[in-house]
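# Take a look and give me a structure for this.
(one chain, ligands or ions: 1)
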Amino acid sequence: MSADKIPYKIYLSEDEVPKAWYNLRADMKNKPAPLLNPGTGKPLTAEELSPIFCEELVAQELDETTPFIEIPEDIRNFYRMYRPAPLVRAYCLEEKLQTPAKIYYKFEGNNTSGSHKLNSAIAQAYYAKKQGLKGVTTETGAGQWGTALSMACSYFDLDCKVYMVKVSYEQKPFRREVMRTYGASVVPSPSETTEVGKKILAEHPGTTGSLGCAISEAVEVATKNPGYRYVLGSVLNQVLLHQSVIGLETKTALDKYGIKPDIIIGCAGGGSNLGGLIAPFMGEKLRGEADYRIIAVEPASCPSFTRGTFAYDFCDTGMICPLAKMYTLGSSFIPSANHAGGLRFHGMSTTLSQLYHDGFMEATSVEQTSVFEAAEQFARIEGILPAPESSHAIRVAIDEALKCKETGEEKTIVFGLTGTGYFDLVAYQKYNDGEMDDVIPTDEDIAASVAKLPRVNA
Ligand SMILES: *Cc1c(COP(=O)(O)O)cnc(C)c1O
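Below is the predicted model:
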């Protein structure tokens, strides 16, 4: 088949929706460091995690040896409604850039939630239902995760309580209404409904909230209400596991035409889409079977990989969550309110942190005005209005393609187009009005929050 012209869209058949998730940790010699109990400083056991997370998800979280974990048929059936996701050859963008590079993107925005997050939301809701739970709690920042989870919970008839970062709750009423339409209850965070929320409000009256605060509230509600567990849309190993469907499909599609990528690019907030996209490729790299350049792209205003510290830290502001060893800016770090492009979490997946630390991948940070420039260029040529998060990857894919133009190299670039930007029009408006600028934390800002990292002997 490799002699054929490669189509604009490489579709797979429904039968090619993966039958098992790929657990990248099984192929890592240096495993990601375990989550620690903040009270004892010891690795968390399944018993300690089970009041917070569903049992099967705890098992997946702790499993670092099983390479393939079967996808239950109910989840595959749901996947079939919006997967396989197309892998698109960006012929029009290539021509516009006049680059010899071959650019592909895996488009994950073809579902109502508008992003890849549904891939894990449906899995987490399934296991909660299977365990006989009443419902789940979670946090959401910009609202993509909350929307995906609301869809998944309504499908399995579970209650869904979403703590939404207050600034987004106020600025993004439309996402809130999508969640409510799917039956979720949405509370602006920090709120008076939890002890930790009251404490944060007392210390920082008028705060517009952060993901870290919202996580603390959602965890508190899950642990205090019988029949509820907490679910998280990124960062955790289980989420990267579910997101491996992105990479597995991408690899199947490329293999059909004998295409081998040189560079794989993804935006990185907590690391789940990137971890999923690169999983099978990184597996080959770890096993010494192939080599790829892998680039994580983060915002210059929240640069965990490129300016953070590799250390144990809390995943939340309230410091009630487990400690994770990751690249972090410190759990008290709050990106500038001016930052409109998402990817605001202070830390990073432990798996990706370890791989980055061991030199298996690169990271770069980009400023939001250049991200929106890339978004605009992409939208005008490829037609899809990209999410600001996804546009970080577009920025670097375009930059790499322009480098190929200078050197004449015909590199194959694959990037993750994680979602659509229809709910980010306030950010686009700022850009269109010329009112967007770049607020980058100073070394002092980062040092101040890193100084508050918990002391752990590990
Ligand atoms: C949440 C989100 C991201 C970032 O999260 P990761 O866990 O790093 O993948 C990227 N793109 C979109 C569209 C998102 O909704």
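# State the number of residues packed around P86.
Neighbour count for P86, taken as other C-beta atoms under 10 Å: 20. Every residue, glycine included, has its C-beta placed from N, CA and C.
# Contact partners for the residue lying closest to it once chain neighbours are set aside?
Computed as C-beta to C-beta, 6 or more residues apart in numbering, the closest residue to P86 that is not its neighbour in sequence is K9, at 4.4 Å. Residues near K9 by C-beta atoms under 8 Å, 6 or more residues apart in numbering: 86-89.
# again with L57
124, 127, 231, 238.
# near the ligand, which of those show up?
Subset of the contacts of L57 in contact with the ligand: empty, counting by C-beta under 6 Å from any ligand atom.
# Just those: which are in helices?
Residues of the contacts of L57 located in helices (DSSP state H): 124, 127, 238.
# Next, the spatially closest residue to E70 that is not a sequence neighbour: phi, psi?
Leaving out its chain neighbours, the residue that sits closest to E70 by C-beta to C-beta, 6+ apart is A20, at 5.0 Å. Main-chain dihedrals, A20, degrees, to the nearest 10: phi -140, psi 150.
# What is the neighbour count of A20?
14.
# what's the answer for E47, then?
Neighbour tally, E47, other C-beta under 10 Å: 8.
# for the one 4 residues further on, same thing?
Other residues near P51 number 12, with proximity taken as other C-beta under 10 Å.
# A strand includes it, no?
No: P51: not assigned to a strand; according to DSSP: H, G, I helix; E, B strand; the rest coil it is coil.
# Nearest residue to it in space, ignoring adjacent ones along the chain?
Per C-beta to C-beta, 6+ apart, closest to P51 is T223, 5.6 Å.
# pretty sure the one you found is touching I52, no?
Yes: at 6.3 Å, T223 and I52 qualify as touching, with contact defined as C-beta atoms under 8 Å.
# What parts of the stretch 251-400 of the chain come near the ligand?
Counting by C-beta under 6 Å from any ligand atom, the stretch 251-400 of the chain sits next to the ligand at 267-274, 343, 387, 389-390.
# do the stretch 101-250 of the chain as well
115, 117, 144, 234.
# pLDDT score assigned to the first one?
It refers to S115. We have a pLDDT of 97 for S115.
# Count the neighbours of it for me.
Using other C-beta under 10 Å: S115 sits among 28 other residues.
# now the last one
Residues within reach of S234, counting by other C-beta under 10 Å, total 24.
# The closest residue to it other than its chain neighbours: how many residues sit nearby?
Closest residue to S234 apart from its sequence neighbours, by C-beta to C-beta, 6+ apart: G270 at 3.0 Å. When counting by other C-beta under 10 Å, one arrives at 27 neighbours for G270.
# Contacts only, for G270.
Going by C-beta under 8 Å, 6+ apart, the list of residues near G270 reads 233-235, 239, 345, 347-349.
# these two touch, right, P441 and S301?
Yes: shown here, P441 and S301 form a contact pair, counting by C-beta under 8 Å, at 6.8 Å.
# name the element the residue lying closest to G269 once chain neighbours are set aside belongs to?
Once flanking residues are discounted, G269 sits nearest to L343: 3.9 Å by C-beta to C-beta, 6+ apart. Assessed by DSSP states H and E, L343 sits outside every helix and strand.
# Adjust the sequence numbering to begin at 482 for everything that follows.
With the count now opening at 482, the last piece we talked about shows up as L824.
# quick one: contacts for L824?
748-750, 779-780, 783, 870, 873.
# May I have the phi/psi pair for it?
Dihedral angles (degrees, to the nearest 10) for L824: phi 60, psi 50.
# rewinding a little: format the contacts of K490 as TSV; extra columns: pLDDT.
Below are the contacts of K490 laid out as TSV (pLDDT from 0 to 100):
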residue	pLDDT
P567	96
L568	98
V569	98
R570	98
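# Name the member of the residues you listed with the most neighbours.
Counting neighbours by other C-beta under 10 Å, L568 comes out on top of the contacts of K490 with 26 neighbours.
# so where do the helices sit in the stretch 832-939 of the chain?
With DSSP state H, counting those that start in this stretch as the criterion, the stretch 832-939 of the chain has helices at 849-863, 869-888, 906-913, 924-931.
# Who are the packing partners of the last one?
Same thing as helix 924-931. Contacts defined by 3 or more C-beta pairs under 8 Å, 6 or more residues apart in numbering; DSSP states H and E place helix 924-931 against no helix or strand at all.
# Contacts for it next, please.
788-790, 809-814, 827.
# now with 6 Å?
For helix 924-931, contacts defined as C-beta atoms under 6 Å, 6 or more residues apart in numbering pick out 788, 790, 810-811, 813-814.
# The second one too?
Surrounding helix 869-888, the residues in contact under the criterion C-beta under 6 Å, 6+ apart are 578, 580-582, 584, 744, 746-748, 776, 778, 822-824, 847, 851-852, 855-856, 859, 892, 894, 896-900, 905, 908.
# Buried ones among those?
When the contacts of helix 869-888 are checked for burial by 16 or more other C-beta atoms under 10 Å, the buried set is 578, 580, 582, 584, 744, 746-748, 776, 778, 822-824, 847, 851-852, 855-856, 859, 892, 894, 896-900, 905, 908.
# In strands, which of those residues fall?
Those of the buried ones among the contacts of helix 869-888 mapping onto strands are 584, 744, 746-748, 776, 778, 847, 894, 896-898, per DSSP state E.
# And those, which is closest to the ligand?
C748 (5.2 Å; C-beta to the nearest ligand atom).
# On the C-terminal side of the lowest-mean-pLDDT helix or strand in the chain, identify the next helix or strand.
Within the chain, no helix or strand scores below helix 647-652, which has a mean of 88 by mean pLDDT, DSSP states H and E. For helix 647-652, the following helix or strand on the C-terminal side (DSSP H and E) is helix 654-662.
# beta partners for K583?
T893 (DSSP bridges).
# list the buried ones in stretch 792-801?
792-801.
# likewise stretch 830-846?
830-838, 841-842, 844-846.
# Please enumerate the strands of the stretch 682-831 of the chain.
709-711, 744-748, 774-780, 790-795, 804-809 (DSSP state E, counting those that start in this stretch).
# and of those, who's closest to G915?
G915 lies closest, by C-beta to C-beta, to one member of the strands of the stretch 682-831 of the chain: strand 774-780, at 19.5 Å.
# so what strands line up beside that closest one?
strand 744-748 (parallel), strand 843-847 (parallel).
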